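**Student:** here is a sequence with its predicted model. Questions after.
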Amino acid sequence: MKGFSGKVLFLDRSDINTDEIIPAKYLTEISKEALKPHLLEDLQLDVFTRKKDIKGKSVIITRANFGCGSSREHAPWALEVNNINMVIAVSFARIFRQNMFNCGMMAVELPGQTIDHLFQLFSGKETLIETDLEKNVFILKADGLEEEVGFSISDFDRALVAAGGWVEYADAKY
Amino acid sequence: MGQTVAEKIFDSHFVDNPSGDIHVISLDAVFCHEITTPVAINDLVIRNKDRVFDPDKIKAVIDHVTPAKDSKTAMQGKILRDWARRHNIRDFFDIGRNGVCHAIFPEKGFVRPGYTVIMGDSHTCTHGAFCAFAAGVGTTDLEVGILKGVCAFNYPSTIKINIVGQMPEGVYAKDVILSIIGRLGVNGATNKIIEFAGSAVDAMSMEGRMTLCNMAIEAGGTCGICYPDMTTVEYLWEFIKDKYPTKEKALEEFKKFSPDPDAEYHDVIEHDVSRLEPMVAFGYKPDQVKPVRKMEKIKVDQVYIGSCTNGRIEDLRIAAQVLKGNKISDSVRGIVSPATPKIFRQAMDEGILKIFMDAGFCVTNPTCGACLGMSNGVLAEGEVCASTTNRNFNGRMGKGGMVHLMSPATAAACAISGYITNSSLYK
């Protein structure tokens, strides 16, 4: 099973689409590793220094409708090869969300108010998140601040994360 | 209790309910192209699972970059080609026979009312025009589809949009769907099916209905769906005539998938198109739309007519009507890409290609190419394209380029004038 704890990258915008996460011109790559330098290359965001901000991050916290647009699984892969295995958002585009769990990664929804609160408390600070999959809580820490936030994912999504993805799950079952 | 179209299709394809409202359903067709499938094929090989659930239910095409433009795209084509051969996938369409997936597969009669279809391509929702459940998926879902013929979805929740009123002359399905996306927002139908109903849809050709359903994903929708009627039967008749004694009998069969009168919807929306104007997208999101009339005078560097949204024969006929007897502006590069070889040939036989060429357009082979900035019309930084495609995301047609989405009639008008303007067909 993948790891879901580490440093947080805050992306303060809704509707970040898969063309922004990984532009179509890189879809001719057949290895996932080749996507690594191009993550979020076309992101439209005022305060974002791409390479510096991505470096060392393991989790993204963002607003609504993350991953809209194309069905490309290259978007989760581009995150994965940068060691980002989890995105927390108000909502996700359907295909992107499914692709994340299909790869054994996590796309977790939290209410808009909670996300607002986390942005207020932690955005701009070096923030660490610990994910407890048994208790279903995130613990966020920065500058002596600590905040515990509960979350839920479906049993099916949990099974996909545990199985390491949908291929092994489906081939064993159907 | 009454059921929606998608509920009927899901229940008739039920395989499993692993938890909550997740339903695993069986698939009638798995469509494949060379961008998202090779990674799935390679992964199946690595996992020692290089099998296909049913070679007759898998259809494959090389369409995104064709002919190959470099070694990488040549390899993507080769992986798909070799795989199709070794698994005896007979419906594989390569150079000379290939076209844009969401145009060629319906044209071959591969989608029928009540079908379940997946493809590793977000515009798979197009095929819902045939009253099918058709959804874009990622590579892993595609991989499992190829291997096991199943896919998992949330049990469908549906928004019904009643499109009423008679569309004014010079206003088309593209203008309708742009206005709907503008109204719903890019997130407005996420995780939802959209049923497109009403007199305006009844009056549309299958081509128009495909344009409508094609962009359901731009509002976040899983699938757009139109109801089966005689237009559906007529379109499919050459493929089904041995199966049904009469067209009426076929329609009766297809209507089993029409929604029940007491079906329950997440939302029902009335959308009046009797005063709709030609629409255009601005900005970097497809829900940023306004009437062409309200657009400031924006200079256009390139006009692109084609794609799974608007590269069909009806689209080319409309554009040709605008272009006939005119020359495109000296400052515009005009590109038209008929979406399939059949459309290309029809356009040739009807003299449409001549009209395009006389006007100054370049005619390309069928391919997705420029729509996603992969080939055949990539924009340079700072350039503007008037386009009949489906996405205006930042960088979509080339880094730093701007894409304005519109109907083929409007795009043709932009080519002539050199800036964004209404067509002569809209009065």
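**Tutor:** Yep, that arrived.

**Student:** need the pLDDT of residue 100.
**Tutor:** No chain specified, so I'll use chain A. Note on A:Met100: pLDDT of 97.

**Student:** other chain: chain B
**Tutor:** At B:Val100, the pLDDT value in this model is 98.

**Student:** can you give me phi and psi for it?
**Tutor:** The phi/psi pair for B:Val100 (degrees, to the nearest 10) reads phi -60, psi 130.

**Student:** tally of neighbours for it?
**Tutor:** Per other CB atoms under 10 Å in any protein chain shown, the neighbour tally for B:Val100 reads 30. No exception for glycine: its C-beta is placed from N, CA and C like everyone else's.

**Student:** same check on the one 3 residues further on?
**Tutor:** For B:Ala103, the count of nearby residues is 29 (other CB under 10 Å).

**Student:** nearest residue to residue 94 other than its sequence neighbours?
**Tutor:** Defaulting to chain A. Among residues not flanking A:Arg94 along the chain, B:Asn191 sits closest, at 5.0 Å (CB to CB, 6 or more residues apart in numbering or on different chains).

**Student:** that's the wrong chain, I meant chain B
**Tutor:** B:Asp94's closest residue in space is B:Ile62 (CB to CB, 6+ apart), at 5.7 Å.

**Student:** for B:Tyr172, same thing?
**Tutor:** What sits nearest to B:Tyr172 in space, not counting adjacent residues and going by CB to CB, 6+ apart, is B:Ser407, at 4.5 Å.

**Student:** ok, A:Gly56 next?
**Tutor:** Of all residues not flanking A:Gly56 in the chain, A:Lys7 sits nearest, at 5.5 Å (CB to CB, 6+ apart).

**Student:** tell me the SS of the one you found?
**Tutor:** strand (DSSP: H, G, I helix; E, B strand; the rest coil).

**Student:** what's opposite it in the beta bridge?
**Tutor:** Beta-bridge partners for A:Lys7, by DSSP bridges, are A:Lys57, A:Leu128.

**Student:** ok, it - contacts?
**Tutor:** A:56-59, A:126-129 (CB atoms under 8 Å, 6 or more residues apart in numbering or on different chains).

**Student:** can you tell me how far it sits from B:His404?
**Tutor:** Distance from A:Lys7 to B:His404, counting by CB to CB, to the nearest Å: 39 Å.

**Student:** residues near residue 72, how many?
**Tutor:** Using chain A. Neighbours around A:Arg72, by other CB under 10 Å: 30.

**Student:** that's the other chain; I wanted chain B
**Tutor:** Using other CB under 10 Å: B:Lys72 sits among 16 other residues.

**Student:** what's the helix or strand for the residue nearest to A:Arg94?
**Tutor:** Using DSSP states H and E, B:Asn191 falls within no helix or strand.

**Student:** what about it, neighbour count?
**Tutor:** Counted with other CB under 10 Å, the neighbours of B:Asn191 add up to 18.

**Student:** next: B:Thr309.
**Tutor:** A count of nearby residues for B:Thr309, using other CB under 10 Å, gives 31.

**Student:** surely B:Gln76 is in contact with B:Thr36?
**Tutor:** No. Between B:Gln76 and B:Thr36 there is no contact under CB atoms under 8 Å: 9.6 Å.

**Student:** residues contacting the nearest residue to A:Asp19 once chain neighbours are set aside?
**Tutor:** Spatial nearest neighbour of A:Asp19, excluding adjacent residues (CB to CB, 6+ apart): B:Phe393 at 4.2 Å. Residues near B:Phe393 by CB under 8 Å, 6+ apart: A:17, A:19-20, A:42, A:69, B:284-285, B:403.

**Student:** and for B:Met119?
**Tutor:** In this structure, B:Met119 makes contact with B:30-33, B:101, B:134, B:136-137, B:142, judged by CB under 8 Å, 6+ apart.

**Student:** centre of the chain to whatever helix or strand B:Cys32 lives in, how far?
**Tutor:** In this assignment (DSSP H and E), B:Cys32 forms part of strand B:29-33. Its chain's C-alpha centre and that of strand B:29-33 lie 14 Å apart, by CA atoms, centre = their mean, to the nearest Å.

**Student:** that strand: what's the following helix or strand?
**Tutor:** Strand B:29-33 is succeeded, C-terminally, by helix B:37-46 (DSSP H and E).

**Student:** what residues of that following helix count as buried?
**Tutor:** Under the neighbour-count criterion of 16 or more other CB atoms under 10 Å in any protein chain shown, helix B:37-46 has B:37-44 buried.

**Student:** run through those and flag the ones next to chain A.
**Tutor:** When contact is defined as CB under 8 Å from any CB of the partner chain, the buried residues of helix B:37-46 meet chain A at B:38-39, B:42-43.

**Student:** tell me how chain B divides into domains.
**Tutor:** Domain ranges of chain B: B:1-276, B:281-417, per automatic domain parsing.

**Student:** format these as a markdown table; extra columns: distance to A:Ala159.
**Tutor:** Listed next are the domains of chain B as a markdown table, based on distance: least, CB to CB, whole Å:
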| stretch | distance to A:Ala159 |
| --- | --- |
| domain B:1-276 | 7 |
| domain B:281-417 | 33 |
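
**Student:** correct me, but B:Ser417 touches B:Ile328?
**Tutor:** No. Assessed by CB under 8 Å, B:Ser417 is found out of contact with B:Ile328, at 9.1 Å.

**Student:** now do the helix or strand bottoming out on mean pLDDT in chain A: which elements does it pack against?
**Tutor:** Of all helical and strand segments in chain A, the minimum by mean pLDDT, DSSP states H and E falls on helix A:166-173, at a mean of 90. Packing contacts for helix A:166-173, counted by 3 or more CB pairs under 8 Å, 6 or more residues apart in numbering or on different chains; DSSP states H and E, involve helix A:94-102, helix A:155-163, helix B:139-148.

**Student:** quick one: B:Ala74 from A:Glu109, how far?
**Tutor:** Going from B:Ala74 to A:Glu109 by CB to CB gives 41 Å.

**Student:** check contacts around A:Leu27.
**Tutor:** Contact analysis of A:Leu27 by CB under 8 Å, 6+ apart lists A:72, A:74, B:35-36, B:64, B:372, B:374.

**Student:** mind checking the SS state of it?
**Tutor:** Per three-state DSSP, the local secondary structure of A:Leu27 is helix.

**Student:** same deal with the one 10 residues further on?
**Tutor:** Assigned with three-state DSSP, A:Pro37 falls in the helix class.

**Student:** tell me the contacts of the residue most central in space within chain A?
**Tutor:** Nearest to the centroid of the C-alpha atoms of chain A, with distances taken as CA atoms, centre = their mean, sits A:Val87, at 2.0 Å. Shown in contact with A:Val87 (CB under 8 Å, 6+ apart): A:59-62, A:66-67, A:79, A:100, A:106-108.

**Student:** again, 6 Å this time
**Tutor:** A:60, A:107 (CB atoms under 6 Å, 6 or more residues apart in numbering or on different chains).

**Student:** cool, A:Asp157 as well?
**Tutor:** A:Phe101.

**Student:** name the nearest residue to residue 133, sequence neighbours excluded.
**Tutor:** In the absence of a named chain, chain A is used. Of all residues not flanking A:Leu133 in the chain, A:Phe4 sits nearest, at 7.2 Å (CB to CB, 6+ apart).

**Student:** if you could check chain B rather than the one you did, that'd help
**Tutor:** That would be B:Ile9: by CB to CB, 6+ apart, it lies 4.5 Å from B:Phe133.
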